[in-house]
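[1] Just a sequence and a predicted model for now, questions to come.
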Amino acid sequence: MRLLGLGALLSAAAFFQLGCEEPVATGNVVATPTAKAAAVGIQAAVKPAPPRVEFQESEFSETDRSRDPFRSFQDLILAEVRGNLRSQRNVVLDEYSIDELRLIGLVTGIQPAKAMLVDPKGKGHVVQRGQFIGRPETVQGAGAGATSFEINWRIDSIRDGDIILVREDPNNPDVPSSTRVIALRPEGEQPPQ
């Protein structure tokens, strides 16, 4: 179809140019040199030459601008999430483990009862029942793709002479809670071994 249209166009151009210039034979159509140049120009306009593309060596290496579209970013995302894991609860003395804390005072005649814990730097902190204390432990969830979460010790009760700490594992609700006791120790007394 396209060839027929081009042939008709060339024939019309040759017809109008008959008296102006010497005819030139081009296949089945007789055309003047001007008509032939017009036909070549039309062919060039119909089928343009592909643009020349220059490639640089850097386009074949992986950079921030040119990355492998099939590369998995799962490891990078998981490392970032684990690195930015922050507790969503208010935790007192979160930079110290429970073993580093010392119980030096109790007030049990009031509601809620209060206790004073001393950190390794010698600074005292007043705590009460229900507060989370100590450095959290990060636990990996069960199953593929499970997220990590933190578990903390919670003050369950303040009694005469000690405080009771409880830690529940949300992954295993059927397992009994872990329990620790921090006994009241006078200054200078070491915990029992």
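    Everything's here; your move.
[2] could you give the mean pLDDT of stretch 50-63?
    Across stretch 50-63, the average pLDDT comes to 79.
[3] cool, and stretch 180-193?
    72.
[4] Likewise for stretch 110-125?
    In this model, stretch 110-125 has an average pLDDT of 93.
[5] Give the other helices and strands that whichever strand in the chain runs longest contacts.
    Across the chain, the longest stretch assigned as strand under DSSP state E is strand 148-159. If contacts are counted by 3 or more CB pairs under 8 Å, 6 or more residues apart in numbering; DSSP states H and E, strand 148-159 sits against strand 114-118, strand 124-128, strand 132-140, strand 162-167. C-beta: built from backbone N, CA, C; applies to glycine.
[6] quick one: the last one to strand 124-128, angle?
    If you take axes from the mean of the first three to the mean of the last three CA atoms, to 10 degrees, strand 162-167 sits at 70 degrees to strand 124-128.
[7] Would you map the strands across this structure?
    So, for the chain - with DSSP E - the strands run 24-26, 29-31, 91-92, 102-107, 114-118, 124-128, 132-140, 148-159, 162-167, 178-183.
[8] Switch the ones you listed over to a markdown table; also include mean neighbour count.
    What follows is those, written out as a markdown table (neighbours: other CB atoms under 10 Å):
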| stretch | mean neighbour count |
| --- | --- |
| strand 24-26 | 12 |
| strand 29-31 | 19 |
| strand 91-92 | 18 |
| strand 102-107 | 16 |
| strand 114-118 | 19 |
| strand 124-128 | 15 |
| strand 132-140 | 17 |
| strand 148-159 | 18 |
| strand 162-167 | 18 |
| strand 178-183 | 14 |
